[in-house]
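Colleague: sharing a sequence plus its predicted fold:
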2 protein chains.
Amino acid sequence: MSEPVYRIVQFGLGPIGQELVRLAIERRSYKIVGAIDIDPAKVGRDVGELIGLGRPIGVVVRADAEATLAETRPDCVLHATGSYLDRVFPQLELAVRMGCNVVSTCEELVFPAAGHPDLAARLNALARERGVTVLGTGVNPGYVMDTLPLFFSGVAQAVTAVRVERIQNASTRRKPLQEKIGSGKTVEEFQQLVAAGTVRHVGLRESAYLLAAGLGWTIEHYEERIEPVLAERRIMTQYFTVEPGRVCGVDQLGRAFVAGEERITLHLRMYLDADPAYDRVRLEGPTSLELVIPGGLQGDRATTAIALNAVPRVVEHAPGLVTMVDLPLVTARH
Amino acid sequence: MSEPVYRIVQFGLGPIGQELVRLAIERRSYKIVGAIDIDPAKVGRDVGELIGLGRPIGVVVRADAEATLAETRPDCVLHATGSYLDRVFPQLELAVRMGCNVVSTCEELVFPAAGHPDLAARLNALARERGVTVLGTGVNPGYVMDTLPLFFSGVAQAVTAVRVERIQNASTRRKPLQEKIGSGKTVEEFQQLVAAGTVRHVGLRESAYLLAAGLGWTIEHYEERIEPVLAERRIMTQYFTVEPGRVCGVDQLGRAFVAGEERITLHLRMYLDADPAYDRVRLEGPTSLELVIPGGLQGDRATTAIALNAVPRVVEHAPGLVTMVDLPLVTARH
């Protein structure tokens, strides 16, 4: 029996999209049949060349999404263009309208009912009408702070609270991420970035609401705060040098209240030279349980892995807008 | 909208069965409607009294499984009577024939195709015919050495090998378990227990085959060895005193070979005063990933939790004999 081959159109060829293509090409069970991006510097180029594969793969980046999807008829669109659902919604709607299953790394799509219940309902209705399945996933949101604690809760007799800590060492990450977390800024500049909405990691809220949904809890109140992490000594990375007292990263805390109590605490600290880095899940209850990933899951690698690994589950699943909790186990089967 | 209540018959009232009942009674979404056991010391007693609840629950233990199932018509049977599929098969067959979904802690049922492909096929066919779902689960097999590494592999770009280590401190466990692992025996006596098949933990093979199935690997060869752990100093537990040089537990190793290489290694060490105790999963690949549960999941508590937590997923699932990899996420929703 030969394994199925999933025909993929990559929608968005930023860092995540390029890594998705790279990973798909390595696997026999996936075939890139189309690529979409509006960046004039990318349009017209062969995808293999664009991602530095050193050889063409016979797929050229196109700006016309509708024509690409119509001509290639993929099993699944891998969508990686943005974090905010309202902004990427027309792209998702188009893919679904064209009869394509979608796996997207759009952070707000991981639990779209949290921030955009109307858009979620529209997308769900359209997906069912067209007989396709739509999933938002990634490492965070999508795994470390939501699906992983929920999966872990399976062996818990009772859970009264979920606390997740994710400490990422940004020094090992790509330049745009080091820039995004405010590396080298003053506290004042950092606050301006916060006000402009460019520094905040998107998805803590989605994780909290997905957790609550998976545990059968109703969130009465959700709040989030964001603070800079300041360098205590000079930090030098491949891209930035940060003097003591300047910003070297971000400390973000999401708290959800259920029945008057803080039952979900999500703490993300992403900063240069974070040591030790780790992901930690604690399930509180009569018997508390703890789980640690030493070093922490590397964001881009884990996000692209889970998105690609989810494709078979999404293709096989009943139509509609789904979450990671609805799918059978996503594994690195290939 | 009110939550569904799952009507449960508990089949088997040993330590695991009693803990399952205790847990189900604590949750509003489960209702014990029947209890089956053949032990004359248990038959005729109220389940609440039997488990030490201090009050009757109005359900009396009966020996006649068929009559109990016919009269109570449960949504799901929680089955906990034995580790070997061939021995418990008539009980499972009966429950399915009576139209009941089944969640069982029978170790070999976690991946029955590994040891009993014929029985698995028969049970699957019967379950489909009767429109019910059958699942084998537990902490080990069922979680730590199979479902957990598979779930973890979802964030892996590629996995070339899976290594799991489970170090359990048997000093904190119940007496039958301390006895089962050979506490206080001489090495010779231990070897006799091994030959008699009473000391071996059942399920490493099932975990290996479930892992392989979830990753799309074909096991060419599987082997297992078992050795005693010897006390280095006098060990005293609530139930046993073990002199230096005597057996204080078991060291069991399962190894599965894929394409000529040992790609699955499952190492279980369960012994008195094990310190530190932990569960550790390592996924090898271009980027290796590690996950640790400090202290390790306590066997009985985790097994009863996952079995009970799986009930809603099993009741809702399409008919047939399924594994943990087929189900959507099992969570502590209640």
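Modeller: Done, it's in.
Colleague: how about the helices in the stretch 201-334 of chain A?
Modeller: Here the stretch 201-334 of chain A has its helices, by DSSP state H, counting those that start in this stretch, at A:204-215, A:299-316.
Colleague: B:I181 is nearest to which of those?
Modeller: Nearest to B:I181 among the helices of the stretch 201-334 of chain A is helix A:204-215; the distance by CB to CB comes to 34.9 Å. Using the backbone N, CA and C atoms, a C-beta is placed for each residue, glycine as well.
Colleague: report the rounded mean pLDDT for the closest one.
Modeller: On average, the pLDDT along helix A:204-215 is 98.
Colleague: repeat for stretch A:118-131
Modeller: Averaged over stretch A:118-131, pLDDT sits at 98.
Colleague: so what would you say the end-to-end distance of stretch A:178-191 is?
Modeller: In stretch A:178-191, first residue to last residue: 16 Å (CA to CA, to the nearest Å).
Colleague: contacts for it, please.
Modeller: A:170-171, A:193, A:198-199, A:228, A:230, A:237, A:239-243, A:246-250, A:270-272 (CB atoms under 8 Å, 6 or more residues apart in numbering or on different chains).
Colleague: in stretch A:32-51, which residues are buried?
Modeller: Judged by neighbour count using 16 or more other CB atoms under 10 Å in any protein chain shown, the buried positions of stretch A:32-51 are A:32-37, A:42-43, A:45-48, A:50-51.
Colleague: please apply the same query to stretch A:23-34.
Modeller: Residues of stretch A:23-34 classed as buried: A:23-25, A:27, A:29-34 (neighbour count, 16+ other CB under 10 Å).
Colleague: only whichever of the contacts of stretch A:178-191 are buried, select them in PyMOL.
Modeller: With 16+ other CB under 10 Å as the criterion, this PyMOL line picks the buried residues out of these:
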select buried, chain A and resi 170+171+193+199+228+230+237+239+240+242+246+247+248+249+250+270+271+272
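Colleague: what sits against the residue positioned nearest the centre of chain A?
Modeller: In chain A, the residue lying closest to the centroid (CA atoms, centre = their mean) is A:G138, at 3.1 Å. A:G138 sits next to A:105, A:107, A:110, A:203, A:302-303, A:306-307 when contact means CB under 8 Å, 6+ apart.
Colleague: cutoff 7 Å now
Modeller: Residues in contact with A:G138 (CB atoms under 7 Å, 6 or more residues apart in numbering or on different chains) are A:105, A:107, A:110, A:303, A:306-307.
Colleague: ok, A:C76 next?
Modeller: Going by CB under 7 Å, 6+ apart, A:C76 touches A:6, A:8, A:100-103, A:311, A:314-315.
Colleague: again, only this time at 8 Å
Modeller: Going by CB under 8 Å, 6+ apart, A:C76 touches A:6-9, A:100-103, A:311, A:314-315.
Colleague: likewise for A:G44?
Modeller: A:60-61.
Colleague: what confidence value was assigned to it?
Modeller: 98.
Colleague: give me the number of residues near A:P244?
Modeller: Using other CB atoms under 10 Å in any protein chain shown, A:P244 has 11 other residues around it.
Colleague: repeat that for A:D275.
Modeller: By other CB under 10 Å, neighbour count at A:D275 equals 8.
Colleague: before we move on, what about the one 4 residues further on?
Modeller: Burial of A:D279, expressed as a neighbour count using other CB under 10 Å, amounts to 25.
Colleague: picking up where we left off before, could you export the helices of the stretch 201-334 of chain A as JSON lines, including mean neighbour count?
Modeller: Shown next, in JSON lines, are the helices of the stretch 201-334 of chain A (neighbours: other CB atoms under 10 Å in any protein chain shown):
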{"stretch": "helix A:204-215", "mean neighbour count": "26"}
{"stretch": "helix A:299-316", "mean neighbour count": "23"}
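Colleague: switch these over to a markdown table; also include distance to chain B.
Modeller: Formatted as a markdown table, these follow (distance: least, CB to the nearest CB, whole Å):
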| stretch | distance to chain B |
| --- | --- |
| helix A:204-215 | 5 |
| helix A:299-316 | 4 |
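Colleague: now, among the buried residues of stretch A:23-34, which is nearest to chain B?
Modeller: A:L23 (5.7 Å; CB to the nearest CB).
Colleague: is whichever helix or strand that closest one is part of positioned near chain B?
Modeller: Element membership for A:L23, per DSSP states H and E: helix A:15-26. Yes: Helix A:15-26 is in contact with chain B by CB under 8 Å from any CB of the partner chain, via A:23, A:26.
Colleague: tell me the first helix or strand C-terminal of that helix.
Modeller: With elements assigned by DSSP H and E, the helix or strand that comes after helix A:15-26 is strand A:30-36.
Colleague: in terms of secondary structure, what does that following strand contact?
Modeller: Strand A:30-36 sits against strand A:6-11, helix A:15-26, strand A:61-62, helix A:65-72, with contacts defined as 3 or more CB pairs under 8 Å, 6 or more residues apart in numbering or on different chains; DSSP states H and E.
Colleague: pairing partners for that strand, with directions?
Modeller: strand A:6-11 (parallel), strand A:61-62 (parallel) (DSSP bridges).
Colleague: could you dump the first one to CSV, C-alpha only?
Modeller: Only the C-alpha atoms of strand A:6-11 are listed here, as CSV (Å, rounded to 0.1, in the frame of the first residue of the first chain):
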residue,chain,number,x,y,z
TYR,A,6,-0.6,15.6,-0.1
ARG,A,7,-0.6,18.2,-2.7
ILE,A,8,0.2,21.5,-1.1
VAL,A,9,0.0,25.2,-2.0
GLN,A,10,2.1,27.4,0.2
PHE,A,11,0.3,30.7,0.8
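Colleague: what does it rub up against?
Modeller: Contacts to strand A:6-11, defined as CB under 8 Å, 6+ apart, come from residues A:17, A:20-21, A:24, A:29-36, A:47, A:65, A:68-69, A:72-81, A:91, A:95, A:100, A:311-312, A:315.
Colleague: could you redo the last one with a cut-off of 6 Å?
Modeller: For strand A:6-11, the external contacting residues (CB atoms under 6 Å, 6 or more residues apart in numbering or on different chains) are A:17, A:21, A:24, A:30-36, A:72, A:74-79, A:311.
Colleague: ditto for the shortest one
Modeller: Residues lying outside strand A:61-62 but in contact with it, judged by CB under 6 Å, 6+ apart, are A:35, A:37, A:42-43, A:45, A:68.
Colleague: kindly export stretch A:100-112 (C-alpha atoms) in PDB.
Modeller: Output in PDB follows, covering the C-alpha atoms of stretch A:100-112 (Å, rounded to 0.1, in the frame of the first residue of the first chain):
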ATOM      1  CA  CYS A 100      -9.200  23.800  -0.300                       C
ATOM      2  CA  ASN A 101      -8.500  22.400   3.200                       C
ATOM      3  CA  VAL A 102      -6.400  24.900   5.200                       C
ATOM      4  CA  VAL A 103      -3.800  24.700   7.800                       C
ATOM      5  CA  SER A 104      -2.800  28.200   8.900                       C
ATOM      6  CA  THR A 105      -0.200  29.500  11.300                       C
ATOM      7  CA  CYS A 106      -2.400  32.600  11.900                       C
ATOM      8  CA  GLU A 107      -2.200  32.900  15.700                       C
ATOM      9  CA  GLU A 108      -5.700  34.200  16.200                       C
ATOM     10  CA  LEU A 109      -7.100  31.200  14.100                       C
ATOM     11  CA  VAL A 110      -5.900  28.800  16.800                       C
ATOM     12  CA  PHE A 111      -9.100  29.600  18.700                       C
ATOM     13  CA  PRO A 112     -10.800  32.300  16.600                       C
END
